[in-house]
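1. Sequence unavailable; structure follows:
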């Protein structure tokens, strides 16, 4: 299934997907849910791509785990107004500064 399909769930607060080789899409497509998303855990889903910074302005996001995905980016791009409420973050090795 495609991440873009989640736009049909405008009140989604938590996304937890593990070991799903059929999940695909760009992490930026979750931006339509930025007002409600609190936890995003996408683990071992290699067909998920995009730049983790696309979620930087999610005001409620406290948990972000994108380990073992194809998401890219650079932790040096995180500014003082990004990820304001983030308490926990795990980024894949495809991110500069990631795990």
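-> Received the coordinates, thanks. Computed from a predicted model, the values in this text were never measured in an experiment.
2. packing partners for the lowest-mean-pLDDT helix or strand in the chain?
-> The helix or strand of the chain with the poorest confidence is strand 95-96; it has a mean of 94 (mean pLDDT, DSSP states H and E). Helices and strands touching strand 95-96, as assessed by 3 or more Cβ pairs under 8 Å, 6 or more residues apart in numbering; DSSP states H and E, comprise strand 73-74. Just so you know, the C-beta spots here come from the backbone N, C-alpha and C atoms, and that holds for glycine as well.
3. Buried ones in the next helix or strand after the strand it packs on, by neighbour count?
-> Downstream of strand 73-74, the next assigned helix or strand under DSSP states H and E is strand 88-90. Of all the residues in strand 88-90, those buried under the rule 16 or more other Cβ atoms under 10 Å are residue 89.
4. Just the mean pLDDT for strand 88-90, thanks.
-> The pLDDT scores in strand 88-90 average 97.
5. partners of it, with directions?
-> Applying DSSP bridges, strand 88-90 is found paired with strand 63-65 (parallel).
6. Would you agree residue 34 is in contact with residue 40?
-> No - in this structure residue 34 lies outside contact range of residue 40 using Cβ atoms under 8 Å: 10.6 Å.
7. rewinding a little: what sits up against the least confident helix or strand of the chain?
-> With contacts defined as Cβ atoms under 8 Å, 6 or more residues apart in numbering, strand 95-96 is touched by 52, 66, 71, 72, 73, 74, 75, 76.
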